[in-house]
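Colleague: Next input, structure requested:
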Amino acid sequence: MPVLEIVKYPAPVLLQRAEEVREVDGALQKQIDEMIETLYAAPGLGLAAPQVGDSRRFFVYDLSVQEEEPVARKGPLVVLNPEILEMEGEEVSDEGCLSIPGYHEKVKRAYRVLLRGLDREGKEIRIEGEGLLARLFQHEVDHINGVLMVERFSSLKKDIFFRKFKKMLKQGESF
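Modeller: Predicted coordinates:
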């Protein structure tokens, strides 16, 4: 199965709201499988469809590399048309993104979220996540809403990021 190319910032697909998944068919199942392979090859914990150039509202994830996560949350798993219903608490922790490789920064997120969506067969699911799982859900839902983690940085950190990015562009480099 081919590994897909991960789209890098500032690709337009990363900066626009993705469209709802309307049909659960063989083509979607193939895309999900290819995204899971890409996630493992990256390696990462989560991968949203826009990160591989697919402007649909879904993501794949697998926390099995994180030993502190409960067995019930190990995957790989997929969520189609995710929506965060509830958020509570707050934590600040390091966060990275496969579309901005090598760049990590502290990001404030809710500690607990309740997520609603569809599984890969199109059946409704609700998942409550805390800690790392809640952070992953918020990060991936941001992706399908066209929001990158950079938008969650403090003003100072955002300014530093954009200065570094402009310098890289001038030097002909990319992430």
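
Colleague: Just to be sure, Glu128 is in a helix?
Modeller: No - applying DSSP: H, G, I helix; E, B strand; the rest coil, one finds Glu128 to be strand, outside a helix.

Colleague: which ones are touching Gln138?
Modeller: Taking Cβ atoms under 8 Å, 6 or more residues apart in numbering, we find Gln138 in contact with Ile84, Met87, Arg109, Ala110, Val113. (Glycine included, C-beta is placed from N, CA and C.)

Colleague: host element of the closest residue to the first one other than its chain neighbours?
Modeller: Once its chain neighbours are removed from consideration, Ile84 has its nearest residue in Val113; the separation is 5.3 Å (Cβ to Cβ, 6 or more residues apart in numbering). Val113 is part of strand 112-118 when elements are defined by DSSP states H and E.

Colleague: Which secondary structure elements does that strand sit against?
Modeller: strand 77-88, strand 124-130, helix 132-144 (3 or more Cβ pairs under 8 Å, 6 or more residues apart in numbering; DSSP states H and E).

Colleague: burial count for the nearest residue to Ser55 once chain neighbours are set aside?
Modeller: Spatially, and ignoring its direct neighbours in sequence, Ser55 is nearest to Ala18 (4.9 Å; Cβ to Cβ, 6+ apart). Ala18 is flanked by 21 other residues according to other Cβ atoms under 10 Å.

Colleague: Start the count at 34 instead of 1 going forward.
Modeller: Shifting the count to begin at 34 puts that one at Ala51.
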